[in-house]
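K.L.:
I need the structure of the sequence given here:
(2 chains)
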Amino acid sequence: MAEPLIIVGKGMAATRLVDELSQRALGRYSIAVIGAEPRLAYNRVLLSPLLAGEIAVPDIELKPAAWWQARGVSTLYGRAVSAIDRAAKTITLEDGLSLPYAKLILATGSSPLKPPFPGIDLPGVATFRDTADVDLLRAHAERGSRIVVIGGGLLGLEAAYGLAKAGGKVTVLHLVDRLMERQVDAEGAALLAAEMGRRNITIRLNAATTGFVGNGKVEGVELADRSVVPADLVVIAMGVRPNAGLAKAAGVAVNRGVLVDDGMASDDPSIFAIGECAEHRGQVYGLVEPAYEQARVLAARLAGKEASYVGSLLSTNLKVSGVGVFSAGDFEPGAGNEIVVLRDRAAGIYRKFVLREGRLAGCILVGETSGALFYLGLIRSGQDITAIRADLPFGEAYCVREAA
Amino acid sequence: MRHDSPLAGTVRTTCPYCGVGCGVLAKPDGAGGAAIAGDPTHPANLGRLCSKGSALGETLGLGNRVLHPMKRNAAGGYDRVSWDVALNAVAAGLRGTIREHGPGAVAFYLSGQLLTEDYYVANKLMKGFIGSAHVDTNSRLCMSSTVAGQRRVFGSDTVPGSYEDLDCADLIVLVGSNTAWCHPILFRRIQQNRAERGAKVVVIDPRVTATAEDADLVLALKPGSDSTLFAGLLVDLAERDLIDASYLANHTAGFEETLANARAIAPDLATVAIRTGLSMPAIAAFYVLWASTPAVVTAWSQGVNQSAQGTDKVASILHCHLATGRIGRPGGGPFSLTGQPNAMGGREVGGLANMLAAHMGYSPAEIDRVGRFWQAPNMARQEGLKAVAMLDAVAGRTIRALWVMATNPAVSLPRADQVLAALKRLDLFVVSENVLSNDTLRGEPDFILPAAAWGEKDGTVTNSERRISRQRAFLPLPGEVKPDWWIVCEVAKRLGFTTAFDYSGPADIYAEHATLSAFENEGSRDFDIGGHSTLGPAAYDALGPVQWPVPAGRPLGTPRLFADGGFYTADRRAALMPLAIPALAAAVSETFPLLLNTGRVRDQWHTMTRTGLSPRLGAHVSEPSVYVNPADATRYGLSEGSFARVENGHGAVVLKVALDPGIQEGALFAPIHWSGETASHARIGAAVQPLCDPYSGQPEMKATPSRILPVAYASRGFVLSRAAVALPVESWWASVAVEGGHGKLFASNASAEHLMAHCRTVFGEDGLVEMIDCEGGIYRCAATQGGKLVAALFFGPAERAPLWDTVKRAFADPDFAPENRLALLAGYRLDGATDAGPVVCACFGVGLNAIRAAFASGQAVSTDDIGRQLRAGTNCGSCLPEIRRIGLGSRQETAA
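P.N.:
I've put the predicted structure just below:
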C-alpha cells in the first residue's frame, strides 16, 4: 500500500520533486499536489520574457497535464490549504476537505514584500509574481503608461525590462547607490545601469519610497526628499517573504522560513520543506537552482537513500535580453582575496574574478556571460586554478587549451 | 607629402649595405616605394640579394626623415631654417674656428655610406682648402687595418683578387668572418663552389658561427692568436719547401727576417697549439690543406681588422700568399671582405686621416702634386687624427668644430658614452643626416642638414673587389633634401673657394677624381681610373660595373693584380716585415675575466637606422642579446632568456642572455646594432675599449675585458602602437620593427598597477580594453579609436613572458577593428594556426614552426626540400645553416 504524500504548492520546486520522485520511487507514494493558483505549474523564471512579449503563455508551462497523469499524481489546483493537524497527520483545505498524509512536503514558495507605505492599497499598486500580475502589467505597458518599479534587484530589473519592452515609460527607484547590490559590485552595477538606460529605462538610485499618492488610484510615488514621481502604475519588487504561515500555525519551527535540516526535514520528521519557503542553515534562497537541489535531496531521502543538502552556491543570472549579468560566490575584495578584472568599457563588458588561495571564489560577468557555467563549476569544485590564471578571464576554451 | 612621379621604369643601382656591392633593380611604385630585385647582370651578385637587400623596399618611408635644414635654438629644440641661413652659418662657424684656433681645430667625420663623389669633395675641401688633415671615417672601425696592412706590404691599398676567385678556388679560408650572415651573397658563391666543384672551406674564428656550419674544418682559436696561426703556416710552408723562391726573389723583400720572426712566434706545432688553443691535429690538417692547395683564397673581415694588431694580422696572411706566389691568379690570393658599401671608394679618394688623396700619402712630392692639381691654397702637410684620437681631441677641446656626415659615432665608436659627452662640448657641431633622431643627434648639433638617402643619391661606390658601380637615384629628393656633395660644395663656396667647388653634378666630380688618379701617375700608383677622366654626363650615367685600375686605354678594367709583382712600394717589391709578438691589447683580470666580442647579426645593418624599419628583418633577432657559453652561464648565474649586465671600466650595457655553445668559455658576444634610439641599455659601443692598432688606429672592438652579472626583472611585456610610446623610465626595452607601427619588447620591475596607470595616461581610458591582475602581476590592454586597434600592451611575470605573435599579426592591419577585443587580450588564437614562430627566412618570411612542421611530418628531409615546399632559404641562403640545424634537431627528436 502506497504511503500518502502530500505536496503543498505546485511551483517549480514541487514539480521538480515529483519528477525526481517518479524516477526514484515510483509507486512507493501516493502523491497529491495542492496549489492555490488555478492552473498548471509554470516556470516563474520566464515571467519577465512573457511580460516583454518575447514568449507566450504556453511557453512557460513546466509540464503538460498528461505528464502529471502519467505519474499518477492527484492535482488539486485552485484550492488552498488552511491547516495542518500534525497529531492526526492530516491537512485541511479551505473547502473543508481533509486529507491524510504520511509525508507532508511544504513547497509554498514566497510572496512579494509589500511594506506598509501610505497608499499601498491604492489601485495601480501591483507586484510581479504570477501570470495574473503579468496580465495587469502588460495591459498598462501597452497603453504607454508611466510605470514606476520600486526595487532595482533582479526581479525589479526584469520587470522593468519587460514593461519597457511592452511599451511602458519605466522608472526604477532603488533604495541604495547601485543596482543589484547583493549580486554585483559598483562597476558592474554602473555598467548595468547604463545598459538599462539604453533600453529607455530611467534609473533613480538612493531613492527611498515613503508612500503613494493618488485619488482613487495611484498617481505618484512620494520619496524621502518629498519629491513625487508621477506614475500610472507602481510595481513593487522589493523582495519576497517565505510563505511559512501554514507551518507556523501548526507549531512547526519557523524563523523567516520553515527551518529544515540537511535532509530537508522540519522539526516534525514527517514534514519537509523545499524551495523559497524553507530556511536551511540560516539561508532562505530566492532562486530556482537551490530549490532544484533541495528537491533532488529530498527525493533521494524519500526513496530511502542517503542524501544531504549542504547549501547552495549562490549564482545569479539576469534574464534581460542583451544585458548579461551573471554572478556567483564572493565578489567583493576581502582579506586574502585577489582580483582579476577584464573590461571593455566601450562594449560594456566587465568580468571580475575573485581568487582565494589559488582557487576561484567568485565572479561577476556583466555584458557578456559566456562561460558562466564553467566558472560556476570552478567555484563549486574549488580546484586549483593557478596554472590557468592568466587565461581564466577568456573562458573555458582558453583554459582547457592551457591544461592540454 | 611626397610628389612621386617615377623617374623612369626600372633603375639599375647598387645595394647600400655591405661591401659585396650587389647590383639592385629598383622599380619605383609611384607612391614613394619601390619594388626591389637583384640585378642579374651585375657581376657581384648575378641577380641574388640577401635578406637585407631584399627588404630594401620596406625601408624607403619618409616617416623618420629630416626634410629641411634645422638649427638648434636656445631652448635646445630645433627650428627649421632655410638652406641659405644654414650654409652661411656653417661656413661662418668654420671660418671663425679656423681664425681663432687654426685649421687643425676643424675635423670631418665621414662614412662608408657616402658616395665617392661626396667623399671626394669633402676630402678636397678639408685637405686642400681648409688645410686640416682631420678627415676620418667610420671605415676606421671597419677596414683600416687592411688598408694599413696592404699599404705596408704591397705599398698600396690594393685588393689583388676578384669575386670570381671564390668560384674557382679549391680552398677558401675564412678568417674572422661570419660570411654566412655578413656577406651572404659571397657565402652562397662559396657554397656553390663547394657543392659543385668540391672546394674545401676552412673557418678560423674564436666564435663558432653559422659560417662554420658549412665548413670542412673549423678552427676556433683563442682571440687574438690569428697571426700566430699564420706565422706557423709560413714556417710550415718553409719546412715543406713550398716557398716560391723565384717570386720571392723577383718581387719581394724582407722574407728572411720575416720567416725568422715567424719561427720565433710559432717555432713548432706544439707551440702554435698552446698559443692558439687549437689541437695539433687540427692545426696540422689546416697547414696540409693550405700547403697542398695552390688555388687558395684566404678571406678575412672584422675579426682580423678590429684588432689592436690588425695590421700585423693582415700582413701575416699576405706573407703566406706572397711566399708561395699565390696572389693575383684565378682562384688564389688574399682577399679582404669589406664591411661597408663604399669604404673602398672612401679609401680611393683618400678620405682617411692617414691618406691624402687618390691613394697618395703625405710625402712632399705627393702634397705638391695634389696641391698643384687642386690649385689648393692650404694643403694639409701631415697625417690627421684617426677616429678614436679625433674624438679624444674633441673631448680635449683641441678640435672645436666637427662635421659628421652619414654616420652615427655616438653609437659605433668605442667608449660611446664619452663620445656623446664630448660632442656636446664642440663650438660648432654639424651633422648631415637622413633621420630626425639618432644617438649622434643627441650630441646637440648646432645644425642638422638634410642629406639624400639611398634611392635619392646619385654617384658611384666601390665594392670589395675594386669594382666601381653606379648608385643611381630612382626617387626624387624629398622636401629640401640635398645630396652630400652639394652641401659640402655650397659651404666651400661660402668659405670663398668658389671655382674649386663649382661642379655641375656628380659626373663632373667623378671626372675630376678620375683625372687626379691619373695625374702624374704613369703606373706609379695602383689607383688609376684615368680611363674615366673624360666621361661625359651621359657616359657617366651609363657606366657599367668595372674593376679598377681603369687607366686610359684599358676600359674593361683589371680583374687581378700582382701575379707578376709590380707592387707600389718605392722598389716595386712587396715588403715582408716581422710581426709584433701576438697579444691582445688588454688582458682579462680577476675583475674583468671575460672578453667581450662584438659584431653583426644576420638581418641588421650598423645602427639600424635603415634595417630597423623593416618588420621582416626585425623578426629574426628581435632583442639585443649577449651570447654566452653555457658553462659560463652556469658560472655566472645566467639562464637563457634572462638578463645580464655586461660592464667594464668604459661603460655598461644590459642585454638578454642567449646561451650559445659556439661562444668560447671566457668570451661574450654582443651585437653592435642597438643604439639609444632602439634600446634602453644596449648601446654596446659604450662598453668597447678604445685601444687601437699602432698603424691603422683601428680599435680592438672584439676583445674588451669585461664582467657579466645577472640582472633580474620581475616582469616582461611588449607594447605595439601606431605612434611610439614611452615606457616607465626604469624599464629595459628594445624596439622592433613591426607592421603597422612601433613595437617594443620590455622588462621591468614596475608593478602591474604602475603599468596600468601609465597606460591609462598614455592611451586614455575611453576605448581601453583591459585585463588586470595586480596580485598576479599581469596587466594587458588594447586601445581602440573608433573601434580600430591603435595600441596594445601586455605585461606579466617574467617566467611567463607574454608572446606577441598573435597580437602583432592583428596589429599589422592599420584598419583592424576587432569584433572580439577581449579575445585579443588572451594573446593567442584558439586555432593556433597562425602561430608562425620567430622568422628564420627573412626573404620569404618563413617562421620556425612551419619549418619544424615540415621536417616533423617527414615531407622534408633536406634544406632543398624545405626550399621547394616553403621557399625558405632559396633567395639569399643566409638562413640555410639555421634550417639545417632545425632539421638536425627534428631528426634527433625523432630518433629519441
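
K.L.:
so which strand or helix has residue 338?
P.N.:
Going with chain A. strand A:337-344 (DSSP states H and E).

K.L.:
Can you tell me which helices and strands that strand packs against?
P.N.:
Here strand A:337-344 touches strand A:349-356, strand B:768-773, helix B:821-826, going by 3 or more CB pairs under 8 Å, 6 or more residues apart in numbering or on different chains; DSSP states H and E. Where you see a C-beta, it was placed from the backbone N, CA and C, and this is true even at glycine.

K.L.:
if I look at residue B:382, how far off is chain A?
P.N.:
67 Å (CB to the nearest CB, to the nearest Å).

K.L.:
Grab the nearest non-local neighbour of residue B:650.
P.N.:
Counting by CB to CB, 6 or more residues apart in numbering or on different chains, the nearest residue to residue B:650 once its immediate chain neighbours are dropped is residue B:415, at 4.8 Å.

K.L.:
Where does the closest residue to residue B:626 other than its chain neighbours sit: helix, strand or coil?
P.N.:
Computed as CB to CB, 6+ apart, the closest residue to residue B:626 that is not its neighbour in sequence is residue B:655, at 4.1 Å. Three-state secondary structure (criterion: DSSP: H, G, I helix; E, B strand; the rest coil) places residue B:655 in strand.

K.L.:
Who are the contact partners of residue B:655?
P.N.:
Residues in contact with residue B:655 (CB atoms under 8 Å, 6 or more residues apart in numbering or on different chains) are B:624-626, B:643-644, B:646, B:670, B:681-682.

K.L.:
repeat that for 7 Å
P.N.:
B:624-626, B:644, B:646, B:670, B:682 (CB atoms under 7 Å, 6 or more residues apart in numbering or on different chains).

K.L.:
Just grab the bridge partners of residue A:258 for me.
P.N.:
Residue A:258 has these beta-bridge partners by DSSP bridges: residue A:254, residue A:278.

K.L.:
correction: residue B:24
P.N.:
On the basis of DSSP bridges, residue B:24 is bridged to residue B:13, residue B:38.

K.L.:
where's it relative to chain A, distance?
P.N.:
46 Å.

K.L.:
What is the neighbour count of residue B:69?
P.N.:
26 (other CB atoms under 10 Å in any protein chain shown).

K.L.:
For it, give its distance to residue B:450.
P.N.:
Note on residue B:69: its distance to residue B:450, by CB to CB, to the nearest Å, is 6 Å.

K.L.:
Which pLDDT does the model give residue 322?
P.N.:
In the absence of a named chain, this looks at chain A. Looking at residue A:322, its pLDDT stands at 74.

K.L.:
my bad, chain B
P.N.:
98.

K.L.:
Determine whether the claim that it is in a strand is correct.
P.N.:
No - counting by three-state DSSP, residue B:322 is located in no strand; its state is helix.

K.L.:
list the contacts for it?
P.N.:
When the contact criterion is CB under 7 Å, 6+ apart, the partners of residue B:322 are B:252, B:574, B:576.

K.L.:
Sort out for me which of these are in helices.
P.N.:
Mapping those onto helices (DSSP state H) picks out no residues; all lie outside.

K.L.:
Can you say which of those are buried?
P.N.:
Buried members of the contacts of residue B:322, scored by 16 or more other CB atoms under 10 Å in any protein chain shown, are B:252, B:574, B:576.

K.L.:
can you pull up the bridge partners for the second one?
P.N.:
Beta-bridge pairing for residue B:574 (DSSP bridges): residue B:252.

K.L.:
so how far is chain A from it?
P.N.:
From residue B:574 to chain A the distance is 68 Å (CB to the nearest CB).

K.L.:
Run a quick check on that residue versus residue B:250, I expect a contact.
P.N.:
No - look at residue B:574 against residue B:250 with CB atoms under 7 Å: they stay out of range, at 10.4 Å.

K.L.:
Right, I'll call it a day here.
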